[in-house]
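**Student:** my questions are about this predicted structure, shown below with the sequence.
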Amino acid sequence: MHKKFLALFLVLAIGALAIGCGGGDDTSSSPDALTKAAYVKQANAICTQINEEIASKFTLFSSKLKRAHKGASVNVAKAYFEEVENVAIPALEEQIEKLSALPAPAGDEEAVKLVLERQEESLQKTEENPRFRIADAPGTAPNPYQRLNKPAQDYGLTECAV
């Protein structure tokens, strides 16, 4: 059971890092706006930091769970869902907040707005049902986040999958 949990976590962590590439160099005339390249770089840095924090906390959680319940029956799924609520959801909220604070490149406001809307939708689905994230496990139906992550992928945000 512990191996399944660890495999599930690893799939989630890898999935968060493994969306496609994109990018380009748009220029902007607004002093507050970023170029597309600068936006993508800063957004990916934010998401990398959040992903690393989540991975670190889930690795620690998995290790504690193994030690605490060695040889004992434990409801790993329940513990995992609680950890999603305690770690992943606040981290996703932080990610969305930080991404929302970045000024969108001039002319790309709608594309950035769509990325943020889809991230909010992913967060909402996870808050409503932490089991939603389990669909990322190998051998299950297609990744339910694929549609939600597509705008980020298309924009070049390779680290910002939810």
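**Tutor:** Done, it's in.

**Student:** quick check, pLDDT for Ser122.
**Tutor:** Confidence at Ser122, expressed as pLDDT, is 87.

**Student:** and the gap between it and Cys160?
**Tutor:** Per CB to CB, to the nearest Å, Ser122 is found 10 Å from Cys160. All C-beta spots, glycine's among them, are computed from the backbone N, C-alpha and C.

**Student:** so what sits against both of the two?
**Tutor:** Asn149 (CB atoms under 8 Å, 6 or more residues apart in numbering).

**Student:** check which residues of the longest helix seen in the chain are buried.
**Tutor:** Longest helix of the chain, by residue count under DSSP state H: helix 36-68. Buried residues in helix 36-68, counted by 16 or more other CB atoms under 10 Å: 36, 38-40, 42-44, 46-47, 50-51, 54-55, 58, 61-62, 65.

**Student:** name the helices or strands packed onto that helix?
**Tutor:** The contact analysis (3 or more CB pairs under 8 Å, 6 or more residues apart in numbering; DSSP states H and E) places helix 36-68 against helix 2-17, helix 76-83, helix 89-101.

**Student:** more neighbours: Ser122 and Cys160, which one.
**Tutor:** Shown here are Ser122 and Cys160; by other CB atoms under 10 Å, Cys160 has more neighbours (28 against 22).

**Student:** name the element the more buried one belongs to?
**Tutor:** Per DSSP states H and E: Cys160 is located in neither a helix nor a strand.
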